[in-house]
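Engineer: Just a sequence and a predicted model for now, questions to come.
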There are 2 protein chains.
Amino acid sequence: MIYTALIGHGVVGSGVAEIMTKQEKKLSESIKEDIKLKYILDLRKFEGLPYSDKFINDFNIILNDDSVKVVVEVIGGLHPAFDFVKACLQKGKSVVTSNKELVAEKGYELIKTANENNANFLFEASVGGTIPIIRPLTQCLVANDIKEIYGILNGTTNYILNKMIVDSMDFDTALKLAQNNGYAEKNPASDIEGLDACRKICILATLAFGKHIYPKDVSCEGITNVTLDDVAYANNFGYVIKLIGKAAKEENGKISIGVAPTLVSKDEIISNVNGVYNAIMVKGDSCDDVMFYGRGAGKLPTASAVVADVVDCAKHLGARKYISWEDSEEGFITEPLNSISYYVLCQNNDFSSLKNSFKDIAENVVKSNINEDKNEIAFITKPVSKDLLNNILNSIKSNSTKTYKII
Amino acid sequence: MIYTALIGHGVVGSGVAEIMTKQEKKLSESIKEDIKLKYILDLRKFEGLPYSDKFINDFNIILNDDSVKVVVEVIGGLHPAFDFVKACLQKGKSVVTSNKELVAEKGYELIKTANENNANFLFEASVGGTIPIIRPLTQCLVANDIKEIYGILNGTTNYILNKMIVDSMDFDTALKLAQNNGYAEKNPASDIEGLDACRKICILATLAFGKHIYPKDVSCEGITNVTLDDVAYANNFGYVIKLIGKAAKEENGKISIGVAPTLVSKDEIISNVNGVYNAIMVKGDSCDDVMFYGRGAGKLPTASAVVADVVDCAKHLGARKYISWEDSEEGFITEPLNSISYYVLCQNNDFSSLKNSFKDIAENVVKSNINEDKNEIAFITKPVSKDLLNNILNSIKSNSTKTYKII
């Protein structure tokens, strides 16, 4: 008999308890041994559930029960999650989490602790919710040198942008709708300002490229400045605007990484990822393009990924899964070196001077939209270096300029 | 040191040899032990390769070398592949294959043999080429009851249909182009008649639903009857035609399964899977929709999936991976029970009688295209039962009728 314990009975936690209870027989069959949820740590009481007898409010009961081999942490946030997880790993218990903040900030330390104690620390649900991505990246694509990895990593912002694109709904209205539908928090900052996506691309980049990349070192821009005008210009140029987290191995071996609103060609399959869905594209030297798509959040979708990790831990008690996650390294992150295309929006009350200066940069422009009513010009550049882009921006007479990259 | 052997140095085999040689250090690091390709069995000689010294032409050298722990079979076809694989498993060697015919026809027997001899039999590359699907299906989605699984499982036919859809190229020209580009065999029958896709949906359905489903028991229709007219009607109705393999768990617990040209709404993400790419959609009770996308064939993409399985075998020497694959069961397969929509094309030289009879069934039609020039009517039905569909087809005065399902 393998006993498990659950820390946190919120949205994801209640899903984990539900699946672990409902699918107990199937899960036991899949590991050829009985697996049972023994404790649920939560300060609240939940009456009338099939597993109401399992609730406890003292973490030490889990920590000191040697029969508990796998612990699930789904309370979110850094503390006390980190302290609970570290203590469990030090006791040789394997830990499964969906907590992206914990993994993005403390992944190196916790995987090291797991290794030292012959335990496993798994976190499939921390990126892409239900989407299998961590295991494919670390196992299925092991024969590849990953060249780049990018995707739509936050369902809330994708929902909002989708409403702006399809229904021409403005940002504030779309955000309110997302909140009413339970897709956005009351305080939506970590979603709409890109921090959530940033944590996820840090986890993916670390797995793809081997060294811990911390969110604080990554440039991150959310979607609060994206307007319906941007959406309309992009649409006319053949693109949709998505919040993209991207990491790539540059020719010098360093990693470029960032989160920002990005224009995606309508011909790219990722442009069709709508609503709260996530999608992650991986480009490797042997596999070429591989994409993973599914619900990035939600009770049962996320919980099903957590439970799969629990099963994996239970199958590998005393045996370590090898996840290559080294410490961070000074100078590992760089600016993108390749030339890329940009979307640029320039505004100026003195429209004739804007229009005149626009003529000077015309050779670097492939599509443009000159809007005299709004005193603004939107355009798509040819692939240019960062230096050339700066020259373009400096030579155009704009008192308000916005640039987004194009994938 | 873990030694491996390769049976077959064709397209996929040469890719495996290339990756195993080029990535030897990285692969060894990932399993914390040296892993080396020792033999390549092929009747031909290949001079001037970095691994030309490894070629042998006697299978018994591999079979009787106890230092060889993992054998890769990539010769394709049933014999002698089956005999080689079975003999290796009986000796306790793990085997990796990309051979879908072998897995679809002999999966139950070979997995049983592997289990009895404490070895593993892995076949990630047999479905979807480079796409990680077998491992996600058996591991990542283990906490789900799979409801249905379907997809574009054959790159050749998707390439041809795509040419018909995007470039209005007729079937024969598109097939010839596919052959010239190396996407179709000289004898393309197993691709264009659906057998290749049929083997793959059998493998997926067996993994999703547990019991061996044999290709001979599955209804299978290829794309040779799809015309540019069908493509145009579908386009006008808002659909694209794809060759879809699909398996679903019906309410009575039985499995409906088949391969056929199918209309896919342009709103579905799978409708945007173009060229030789494959995509597989999985619907589970907890995960909802999850999709996997990538190259379904090709030397390095397929080889990279094979090598990932080799690494997995090397990590699990003497430990079994649990794949639930029981023997087949009489009566496990059924017709689809739910009502679904159909695309119907009816032709009749006596067009006025066709048009008159069409009026009688109008209440079951949502979109139609009446083409007097060609004496034909194409239409989309409401969701109807199989019985009601038959009534519709019987009551319409057509001397040539074609029906495709709609997803």
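Structural biologist: Yep, that arrived.

Engineer: Tell me which other helices or strands the helix or strand encompassing residue A:149 touches.
Structural biologist: Secondary structure assignment for residue A:149, by DSSP states H and E: strand A:146-152. Here strand A:146-152 touches helix A:195-209, strand A:239-249, strand A:277-284, going by 3 or more C-beta pairs under 8 Å, 6 or more residues apart in numbering or on different chains; DSSP states H and E. (Glycine included, C-beta is placed from N, CA and C.)

Engineer: Tell me which of the ones you listed sits nearest to chain B.
Structural biologist: strand A:277-284 (7.0 Å; C-beta to the nearest C-beta).

Engineer: I'm curious whether stretch A:260-278, anywhere along its length, sits up against chain B.
Structural biologist: Yes. Using C-beta under 8 Å from any C-beta of the partner chain, we find that stretch A:260-278 touches chain B at A:269, A:272, A:273, A:277.

Engineer: Using CSV, write down the CA coordinates of that stretch.
Structural biologist: Taking Å, rounded to 0.1, in the frame of the first residue of the first chain, the C-alpha atoms of stretch A:260-278 are listed here in CSV:
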residue,chain,number,x,y,z
ALA,A,260,5.5,40.1,-24.5
PRO,A,261,2.5,40.7,-26.8
THR,A,262,3.6,39.3,-30.1
LEU,A,263,2.1,39.2,-33.6
VAL,A,264,1.5,35.7,-34.9
SER,A,265,0.8,35.0,-38.6
LYS,A,266,-2.7,33.6,-39.3
ASP,A,267,-1.0,30.8,-41.2
GLU,A,268,0.7,29.6,-38.0
ILE,A,269,-1.3,26.9,-36.2
ILE,A,270,-0.7,28.6,-32.9
SER,A,271,-2.7,31.6,-34.1
ASN,A,272,-5.8,29.4,-33.9
VAL,A,273,-5.4,28.7,-30.2
ASN,A,274,-8.5,30.4,-28.8
GLY,A,275,-10.2,31.1,-25.5
VAL,A,276,-8.6,29.8,-22.3
TYR,A,277,-6.5,27.2,-24.2
ASN,A,278,-2.7,27.1,-24.0
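
Engineer: Tell me where the stretch 101-250 of chain A has helices.
Structural biologist: Listed in chain order, the helices of the stretch 101-250 of chain A (DSSP state H, counting those that start in this stretch) span A:134-135, A:155-167, A:171-180, A:189-192, A:195-209, A:228-237.

Engineer: For residue A:55, give its distance to chain B.
Structural biologist: From residue A:55 over to chain B the distance is 22 Å, taken as C-beta to the nearest C-beta, to the nearest Å.

Engineer: Looks like that residue contacts residue A:43 (just checking).
Structural biologist: No. Between residue A:55 and residue A:43 there is no contact under C-beta atoms under 8 Å: 9.5 Å.

Engineer: And those two? Which one has more around it.
Structural biologist: For residue A:55 versus residue A:43, the count of surrounding residues by other C-beta atoms under 10 Å in any protein chain shown is larger for residue A:55: 19 against 7.

Engineer: for that one, phi and psi?
Structural biologist: Backbone geometry at residue A:55, expressed as degrees, to the nearest 10, gives phi -70, psi 140.

Engineer: Same question for residue A:255.
Structural biologist: Dihedral angles for residue A:255 - degrees, to the nearest 10 - are phi -110, psi 130.

Engineer: what does the one 3 residues further on give?
Structural biologist: Backbone torsions for residue A:258, taken as degrees, to the nearest 10, come to phi -170, psi 170.

Engineer: Tell me, how many residues neighbour it?
Structural biologist: Neighbours of residue A:258 using other C-beta under 10 Å come to 22.

Engineer: gap between it and chain B?
Structural biologist: Counting by C-beta to the nearest C-beta, the gap from residue A:258 to chain B is 24 Å.

Engineer: what's near enough to touch the closest residue in space to that residue that isn't next to it in sequence?
Structural biologist: Residue nearest to residue A:258 in three dimensions, not counting chain neighbours: residue A:219, with 4.4 Å by C-beta to C-beta, 6 or more residues apart in numbering or on different chains. Contacts here follow C-beta atoms under 8 Å, 6 or more residues apart in numbering or on different chains; on that basis residue A:219 touches A:257, A:258, A:259, A:260.

Engineer: will you turn the residues you listed into TSV that also has secondary structure and pLDDT?
Structural biologist: What follows is those, written out as TSV (DSSP: H, G, I helix; E, B strand; the rest coil; pLDDT from 0 to 100):
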residue	secondary structure	pLDDT
A:257	strand	98
A:258	strand	98
A:259	strand	98
A:260	strand	98
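
Engineer: Turn the residues you listed into TSV, including distance to residue B:223.
Structural biologist: Listed next are the contacts of residue A:219 as TSV, based on distance: C-beta to C-beta, whole Å:
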residue	distance to residue B:223
A:257	43
A:258	43
A:259	42
A:260	42
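
Engineer: So which residues of the stretch 301-407 of chain A form helices?
Structural biologist: A:351-360, A:386-395.

Engineer: Now mean pLDDT, mean neighbour count and distance to residue B:50 too, for the ones you listed, in CSV please.
Structural biologist: Shown next, in CSV, are these (pLDDT from 0 to 100; neighbours: other C-beta atoms under 10 Å in any protein chain shown; distance: least, C-beta to C-beta, whole Å):
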stretch, mean pLDDT, mean neighbour count, distance to residue B:50
helix A:351-360, 95, 15, 54
helix A:386-395, 95, 14, 39
